[in-house]
Structures are given as structure tokens and as C-alpha cells.
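1. need the 3D shape of this:
(one chain, ligands or ions: 2)
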Amino acid sequence: MSTLITNIGELVTNAPDEAGADGSGGAGGPGGAEGSGEAGGPGGAGGIRGAGGSAAGSGFAALSDAALVIEDGRIAWTGSASLAPAADDLVDAAGRAVLPGFVDSHAHLVFAGERGAEFAARMAGVPYTAGGIRSTVAATRAASDAELGGNLRRLAAEMLAQGITTFECKSGYGLTVSDEARSLALAAQVTPEVTYLGAHVVPPEFAADPAGYVDLVTGPMLDACAPHARWVDVFCERGAFDADQARAILAAGRLAGLQPRVHANQLGEGPGVQVAVEAGAASADHCSYLSGSDVEALASSGTVATLLPGVEFCTRQPYPDARRLLDAGVTVAIATDCNPGSCFTSSMPFCIALAVRDMRMTTQEAVWAATAGGARALRRDDVGRLRVGSRADLIMLSAPSHAYLAYRPGVPLVAAVWRDGRLLAGGA
Ligand code: NIG
Ligand code: FE
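-> Ligands and ions are numbered 1, 2, ... in the order given. Below you'll find the predicted structure:
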């Protein structure tokens, strides 16, 4: 069963190498069609438009007047519409843009309750602190599995409808052995990118014994949680966990087979980024307050800087300096951080618009960061790009180009969403 999507005004592939410097449109897929486009420059039929990626070989790239073929859940062919092979089904994009599905590498979706009043108070001048997490912890502990699972599935569906086809999901609102383990078991039902965040904050019952809590997180809680998770995370920040505690938590997680990622430098400068880089973390997330040596450490490491501009919007804090990171050669991802406290959005287009408007990323950089960048932050190479062999996770916009995601902020532009080659949301 194959599907040809043709008449695509702009096909964002994030695969400049595959398209070729001469503008050839893609590798031949099943059926032997050659994806060679015209050698035209930007805007030419089948021409490639590149630039804007943030690390060597990983840049934004797009084809105009393009087509793609989906077969068995994978991309089988990309190239110029005029050269597209036949397929069982035909979708006419009528000049609209097609992009890789968004890859949201940072979200906290297992929780109960809400914090609308905290948000309202913040907008009236009360600063954001890590302390608010504890009210969600209380609500989460009191919730049934059915309640937590229902909330989680509702948020996952909300994300999918808005074009997020891969998302990471953390625990961190249970903070007991059983509540963390059930949070992760629920998360594993909706995504393979599951993160153990027992080290979100020290819960109230350990307020007088934070070292005892670290022992729990690195001991019995880890044993119960590791089977459900791929990643281990720690909130390394004043008011949460210090550098030594964070190192111990990441090292224990690694011994249990989990790969590290870190909440770093969200509320002020601190050791988080350095701890992440030392640990070989896939990603240091937030990066709102960075020293020169933090930027250098990120630039010379394989650690992605995941920026969460929705958090700065919702906490009214200064945005991270994305340009400084990009100019230094750091790989940048954008994620939603969807959670009930610091940022309750599930909209990647909103985060892209903020990144462009308020963090001075180009539209190409922001879209790359929300797709291929997110994939890098999750160490995935099967998503975030549309090249032959990629997972057929893609979205069609009711707009002719990726730039509309920022140009038309707040407008629901995601018209159709395919995951594993299946149309799951919207209509073509
Ligand atoms: O990523 N920084 C720590 N954790 C979340 C916020 C959680 C909350 O306020 O409930 C974050 O922003
Ligand atoms: Fe977070």
C-alpha cells in the first residue's frame, strides 16, 4: 500500500545531503523512479532551498513543487512533482507545505490538577519558583490511575492534532516509589521516549533530609522505574538539586541503563549545563541563563541545547539567547515543556512563533529545531526529517510555506497529520 502526496508547494525535508548540491530532488525509491529535479536555485521547480540548520550536515532543506511517496509506514521517495512515480493512493496538496512531524523532546504530561490561579498570580507580578511543583505532586498522588491516564491521553491527542508525532514524557509529579513507577508505566503506554524524573524536587516529607531523598531516587525508586524508562533527568537548579546530587542521580541512572538529560540553567546561572555535558547528556534543557563557558561546553559537546520559549512566555522571564548558541555552533532544539506549572501549552507552532519573534531564530532555524533538532535531542535518526527510509511522520499545513507557522501566530495551520504513514488527524 503506497500513497503519493503531490503538488506540494514546499516540502521541508531537512535532508540537504539527500537532495544533492545540484538540486536533485531525492534518491530513487521503490519503483525505480529517479528523484532528480531541475538544477534550479531557490524557488525553481524541484529546486532545493537550504540553510539555517545548526550543525554540520543537519541543516534545514526544502524542495518546491515537490512530491513524496509513503510506503509501509516509511518515506519511499521524495523529489520533483513532475517526476513522481505512481502509487495506490493520491493526495493533492494543492500547493500547501508538508513538513516532518514535530518532535517534542521535553514534556511533563503525567499529572493531575491544574495551576491556573498560580499563572494568574504570576501575571500579576508573583515570580515563578520551583515550589509550585509540590502542589501538582499532591494532586498527582491523590489521583487514580484512570484519572492520570485519561489526562495523559487527552494531552497526547492534543499534541498529535497539532502536529507533534514524537514526544518525550517525564515522570516527576509522583516522587514516591509507587507514584513515580506508575507515572512511567502510564507514559510508556503512549510513547517510547519515557524519562525518569524522580529528581524533580525534594518532596515535603524529605524536606529535612534531602540526602535521604537522593538515596531513594538512586536506589529503590530507580529500581522500580528503570524498566519503564529510556532516560534519566534531574532538575539541577537552586531549590531543586545541586551539582553533586545531580551527578550522583545521572550516574546511578546510567548504571541502570538510562541515558541522561538535564533540566539546566532555567532560573539562573548554575552548574546544570556543565553537569549535563560532563555526563554526556543527550540534551541540556532550558539554558535560559548561560555563562561563556557554558556556551563553549555545549558547542564542543554532543549535548543539544533544548530551548523552551513557552516557559519564558508563561513565566515572564527573559528568553534564552538562541542566536548566541547558534552562532557558537551549538545544536539547538525547541520543545514545548508542556506541564501544568511553568508552561501549559501543547502547541509547537506557538513555540516556533516565539522562537522566531522573541529569540531571533530564522523561520528555517526554528522549524529545524522543532523537528530534526528535537530528534537529535532524543538521539533519534528515524524522525525529524523526510528522506528515503525515514518514518512517515509528517504534517500538511493549510499554508504554502513553513514560515506561516510564525507569520500567522495562533492560527491552527496544521491541516493533516500522518504518523507511521497513517493519516491520524485532520484531513488531506
Ligand atoms: O521544566 N523546571 C522544572 N520543571 C518544569 C516545571 C514544572 C512545574 O512548574 O510544575 C519545567 O519548567
Ligand atoms: Fe521541564
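2. got the end-to-end distance for stretch 188-199?
-> 19 Å (Cα to Cα, to the nearest Å).
3. what number of residues lie near Pro204?
-> Neighbours of Pro204 under the rule other Cβ atoms under 10 Å: 11. (Each C-beta comes from the backbone N, C-alpha and C, glycine too.)
4. give me the distance between it and ligand 1.
-> 15 Å (Cβ to the nearest ligand atom, to the nearest Å).
5. phi, psi for that residue please.
-> phi -50, psi -40 (degrees, to the nearest 10).
6. so, low pLDDT: which residues of the protein?
-> 19-58 (pLDDT under 70).
7. out of everything not next to it in sequence, what's closest to the residue nearest to the spatial centre of it?
-> Closest to where the C-alpha atoms of the chain average out (Cα atoms, centre = their mean) is Asp104, at 2.1 Å. Using Cβ to Cβ, 6 or more residues apart in numbering and skipping residues adjacent in sequence, the residue nearest Asp104 is Phe167, 4.2 Å away.
8. ok so, going back, and the residue nearest to the centre of the chain, its phi and psi?
-> phi -100, psi 100.
9. for ligand 1, what are the nearby residues on this protein?
-> 108, 132-133, 136, 235, 263, 266, 311, 337, 339-342 (Cβ under 6 Å from any ligand atom).
10. strands of the stretch 51-200 of the chain, residue ranges please.
-> 61-71, 74-80, 89-92, 97-100, 102-104, 164-170, 193-199 (DSSP state E, counting those that start in this stretch).
11. picking up where we left off before, let me know the closest of the residues of the chain next to ligand 1 to ligand 1.
-> Gly341 (2.3 Å; Cβ to the nearest ligand atom).
12. the closest one is in contact with Gly132, isn't it?
-> Yes. At 4.8 Å, Gly341 counts as touching Gly132 under the criterion of Cβ atoms under 8 Å.
13. list residues touching both of these two?
-> Residues touching both Gly341 and Gly132 (Cβ atoms under 8 Å, 6 or more residues apart in numbering): 115, 118.
14. which of those two has more residues huddled nearby?
-> Neighbour count, other Cβ under 10 Å: between Gly341 and Gly132, Gly341 has more, with 25 against 19.
15. what bridges to the residue lying closest to Gly427 once chain neighbours are set aside?
-> Closest residue to Gly427 apart from its sequence neighbours, by Cβ to Cβ, 6+ apart: Ala416 at 5.9 Å. Ala416 forms beta bridges with Met396, Gly426, as assigned by DSSP bridges.
16. OK, contacts around Ala416?
-> Ala416 is in contact with 395-396, 423, 425-428, counting by Cβ under 8 Å, 6+ apart.
17. go through these and say which is closest to ligand 1.
-> Ile395 (25.0 Å).
18. could you pull out the strands for the stretch 201-350 of the chain?
-> Assigned strands in the stretch 201-350 of the chain, in chain order: 231-236, 259-264, 283-286, 304-307, 332-334 (criterion: DSSP E, counting those that start in this stretch).
19. need the ones you listed in TSV with mean neighbour count, can you?
-> TSV is the format used below for these (neighbours: other Cβ atoms under 10 Å):
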stretch	mean neighbour count
strand 231-236	28
strand 259-264	29
strand 283-286	30
strand 304-307	31
strand 332-334	30
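20. and those: which comes nearest Cys351?
-> Evaluated with Cβ to Cβ, those place strand 332-334 nearest to Cys351, the distance being 5.3 Å.
21. can you list the neighbours in contact with the closest one?
-> Outside strand 332-334, the residues that reach it (Cβ under 8 Å, 6+ apart) are 54, 103, 105, 283, 304-309, 322, 325-326, 348, 351-352, 355, 361, 365-366, 369-370, 373-374, 376-377.
22. tell me how far the residue nearest to Val217 when sequence neighbours are not counted lies from Arg238.
-> Nearest residue to Val217 in three dimensions, chain neighbours excluded: Gly198, at 4.2 Å (Cβ to Cβ, 6+ apart). For Gly198, the distance to Arg238 equals 19 Å [Cβ to Cβ, to the nearest Å].
23. repeat that for Gly95.
-> Gly95 is 51 Å from Arg238, by Cβ to Cβ.
24. repeat that for Val177.
-> 26 Å.
25. now do the same contact list for the nearest residue to Pro309 once chain neighbours are set aside.
-> Distances taken as Cβ to Cβ, 6+ apart put Leu354 closest to Pro309, at 3.9 Å, once the chain neighbours are dropped. Residues near Leu354 by Cβ under 8 Å, 6+ apart: 309-310, 312-313, 319.
26. and the residues you listed as JSON lines, adding neighbour count?
-> Listed next are the contacts of Leu354 as JSON lines, based on neighbours: other Cβ under 10 Å:
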{"residue": "Pro309", "neighbour count": "29"}
{"residue": "Gly310", "neighbour count": "25"}
{"residue": "Glu312", "neighbour count": "22"}
{"residue": "Phe313", "neighbour count": "18"}
{"residue": "Tyr319", "neighbour count": "18"}
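27. please identify which of those is nearest to Ala226.
-> Gly310 (29.5 Å).
28. what's the neighbour count on Arg153?
-> Neighbours around Arg153, by other Cβ under 10 Å: 14.
29. quick one: it and Thr191 touch, right?
-> No. Counting by Cβ under 8 Å, Arg153 sits too far from Thr191 to count as a contact (11.2 Å).
30. tell me how far the closest residue to Tyr404 other than its chain neighbours lies from ligand 1.
-> Excluding its sequence neighbours, the residue lying closest to Tyr404 (Cβ to Cβ, 6+ apart) is Leu413, at 5.8 Å. Going from Leu413 to ligand 1 by Cβ to the nearest ligand atom gives 26 Å.
31. what sits against Leu413?
-> Counted by Cβ under 8 Å, 6+ apart, Leu413 has contacts 349, 397-399, 404-405.
32. got the domain ranges for this structure?
-> Using automatic domain parsing, the domain parsing of the chain gives 2-101+385-426, 103-377.
33. now for the closest residue to Ser171 other than its chain neighbours, how many residues are close by?
-> Closest residue in space to Ser171, ignoring its immediate chain neighbours: Ser183 at 3.9 Å, by Cβ to Cβ, 6+ apart. Counted with other Cβ under 10 Å, residues neighbouring Ser183 total 31.
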